[in-house]
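K.L.:
the following comprises the amino acid sequence and a computationally predicted model.
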Amino acid sequence: MNIIFLCLGTRGDVQPYVAIGKAAKAKGHFVAVCTGETFQGFVEENGLEFIRCSLDLMAVLKTPEGKQVFEEGMKHPVKAMKFARKVINPLYRKSMTDFYNACKGRDIIVYHPKAFGAVDIVEKLGIACVSMPLVPIIYPIAAFPNLAITTKNLGSGLNKLTYKAANAGAESSNIKDINEFRETELHLEKRKAGTYMIWRNKEPLPMIYPISDSLFPGVLEFKNNVFLSGFPVLEDAATIDQETEEFLAKGAAPVVITFSSMPLKSPQVFMEKITKALRESGNRGILIVGNSGMQMKSDDTILLREFLPHDELFKKAKGILHHGGVGTMAAALRSGKPQVIMPFNVDQPFWAKRLYDLAFALKPINETDPTEVFIDRFYEMEKEACKNRAKEIAAILEMENANEKAVQYLEEQVKAWKNR
């Protein structure tokens, strides 16, 4: 089987595809990943073929203009839209050509919904394809609404409608370029935005959510329409550095705090609050600063690091405070340690509510909450019921074999397509 993964976004967007691709290669399949140049080293160090895509979102976000739009886009929507039209959309158009060239000669395309043109390409090439959104945001279900619209349950009928509305608008800002690509390069007729979100030429589009079905008890619509493989696991080549190991060895297990690429609104105000909360609750802490903006010098009780491997570090923590990104959340669940989510945007409020409702996480908090709220959560991490619930979900995830299940699903889809 010759597999091509098309994915765009951050490290968290790319890593699940690499994890599944690595498992597929171990089974003897040929695997390539087409994504932004930022991830060339990451893809290749995991033994997969890298194919460059013109749209490198991580590189764009590092530019002064891109950084400003990313961090303050909600404050300046007009500026954000102008930047998208001027910079992002032309790169999306170039990427469609990159994807098309990368997909020729493959047996199956597995793609992130951000990879516009993917289903248009399989329509032209006549090969198998699988949509792989990283969060449950595409297939319409009655159990809860589209997480990009609201986390409030609107009732089964309205819940389903939120998905249809979101899917219709998903490609709206890029449909002109998609249709130009269809006409000039694929020699296909124009189509409407959202047409191929869950359908391929009037047939259901195979879809994987690389998440655990243990987080969705009772959501029967997934069983027949979406394959939930479990959270993909990638053994990280990065290790914990010597200074961090020494810090861990010098005292009690610390609370680990990480917000990944999320920027805090008032980083130094929050820094003062979180360090006070750690000290007043008698905790040590490790702060992975990422793009948060937090700055201070490490001391005997609080260590700052730019980056640390989550899976390895979380297992040595007392508990974890994080932003609720799906990759970080999965690592926290696997660790078997108590967690609390401080969500920022997109899918993070959904996961914060979902895990709290299932008792897999403590009640969510906000950046602006008073110090006492953070102190309370740190004390709650010590309760036996909280620790036991964290161990329960970790044991469930350990048994899932997510990577292998995802590869098996891809094999089945290729076989079914060839035998149709």
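P.N.:
Perfect, thanks for sending it.
K.L.:
who does the stretch of helix or strand residue 110 belongs to touch, helix- and strand-wise?
P.N.:
Residue 110 is part of strand 108-111 when elements are defined by DSSP states H and E. The contact analysis (3 or more Cβ pairs under 8 Å, 6 or more residues apart in numbering; DSSP states H and E) places strand 108-111 against strand 2-6, helix 118-125, strand 128-131, helix 402-418. Placement of C-beta: from N, CA and C, glycine included.
K.L.:
what are the ranges of the strands in the stretch 201-350 of the chain?
P.N.:
Assigned by DSSP state E, counting those that start in this stretch, the stretch 201-350 of the chain shows strands spanning 203-204, 208-209, 227-228, 255-258, 285-288, 302-305, 319-322, 339-341.
K.L.:
quick one: mean pLDDT for the fourth one?
P.N.:
For strand 255-258, mean pLDDT is 97.
K.L.:
and the strand holding residue 110, which strands flank it?
P.N.:
strand 2-6 (parallel), strand 128-131 (parallel) (DSSP bridges).
K.L.:
let me have those strands in a markdown table, extended by mean pLDDT and distance to residue 99.
P.N.:
Putting the strands paired with strand 108-111 into a markdown table (pLDDT from 0 to 100; distance: least, Cβ to Cβ, whole Å) gives the following:
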| stretch | mean pLDDT | distance to residue 99 |
| --- | --- | --- |
| strand 2-6 | 98 | 5 |
| strand 128-131 | 97 | 11 |
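K.L.:
including distance to residue 201 and mean neighbour count, could these go into a markdown table?
P.N.:
Formatted as a markdown table, the strands paired with strand 108-111 follow (distance: least, Cβ to Cβ, whole Å; neighbours: other Cβ atoms under 10 Å):
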| stretch | distance to residue 201 | mean neighbour count |
| --- | --- | --- |
| strand 2-6 | 19 | 24 |
| strand 128-131 | 11 | 24 |
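K.L.:
those strands: which one's closest to residue 91?
P.N.:
strand 2-6 (14.3 Å; Cβ to Cβ).
K.L.:
next, the angle from that closest one to helix 402-418.
P.N.:
Orientation check (axes from the mean of the first three to the mean of the last three Cα atoms, to 10 degrees): strand 2-6 against helix 402-418 gives 110 degrees.
K.L.:
any idea of the mean pLDDT in the strand holding residue 110?
P.N.:
On average, the pLDDT along strand 108-111 is 98.
K.L.:
do stretch 219-237 as well
P.N.:
Mean pLDDT, stretch 219-237: 90.
K.L.:
contacting residues for the nearest residue to residue 36 once chain neighbours are set aside?
P.N.:
Closest residue to residue 36 apart from its sequence neighbours, by Cβ to Cβ, 6 or more residues apart in numbering: residue 56 at 3.0 Å. Contact analysis of residue 56 by Cβ atoms under 8 Å, 6 or more residues apart in numbering lists 36, 37, 38, 91.
K.L.:
between those residues, which is nearest residue 380?
P.N.:
For the contacts of residue 56, the nearest to residue 380 is residue 38 (37.8 Å; Cβ to Cβ).
K.L.:
if I read this right, that closest one contacts residue 58, doesn't it?
P.N.:
Yes. With contact defined as Cβ atoms under 8 Å, residue 38 reaches residue 58; the gap is 4.1 Å.
K.L.:
circling back to that earlier point, so can I have CSV of the strands of the stretch 201-350 of the chain showing mean neighbour count?
P.N.:
Output for these, formatted as CSV (neighbours: other Cβ atoms under 10 Å):
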stretch, mean neighbour count
strand 203-204, 10
strand 208-209, 22
strand 227-228, 22
strand 255-258, 26
strand 285-288, 23
strand 302-305, 20
strand 319-322, 27
strand 339-341, 27
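K.L.:
out of these, which is closest to residue 313?
P.N.:
Of those, nearest to residue 313 by Cβ to Cβ is strand 255-258, at 6.0 Å.
K.L.:
from the chain's centre, how far out does the closest one sit?
P.N.:
Computed by Cα atoms, centre = their mean, to the nearest Å, the chain-centroid distance of strand 255-258 equals 19 Å.
K.L.:
swap in stretch 167-174?
P.N.:
20 Å.
K.L.:
as a whole number, average confidence for that stretch?
P.N.:
For stretch 167-174, mean pLDDT rounds to 88.
K.L.:
can you check stretch 294-310 too?
P.N.:
On average, stretch 294-310 scores 92.
K.L.:
show me which positions of it end up buried.
P.N.:
By 16 or more other Cβ atoms under 10 Å, the buried positions in stretch 294-310 come out as 294, 301, 302, 303, 304, 305, 308, 309, 310.
K.L.:
please apply the same query to stretch 341-348.
P.N.:
Those would be 341, 342, 343, 344, 346, 347, 348, for stretch 341-348 by 16+ other Cβ under 10 Å.
K.L.:
what does that stretch contact?
P.N.:
Applying Cβ under 8 Å, 6+ apart, the contact partners of stretch 341-348 are 74, 135, 137, 147-148, 259, 262, 321-326, 329, 349, 351-352, 355-356, 361, 364-367.
K.L.:
now those residues: which count as buried?
P.N.:
135, 137, 147-148, 259, 262, 321-326, 329, 349, 351-352, 355, 361, 364-365, 367.
K.L.:
taking those one by one, which sit in helices?
P.N.:
Per DSSP state H, helices hold the following members of those: 326, 329, 349, 351, 352, 355.
K.L.:
count of neighbours near the closest residue to residue 293 other than its chain neighbours?
P.N.:
Counting by Cβ to Cβ, 6+ apart, the nearest residue to residue 293 once its immediate chain neighbours are dropped is residue 267, at 3.2 Å. Close neighbours of residue 267, defined as other Cβ atoms under 10 Å, add up to 17.
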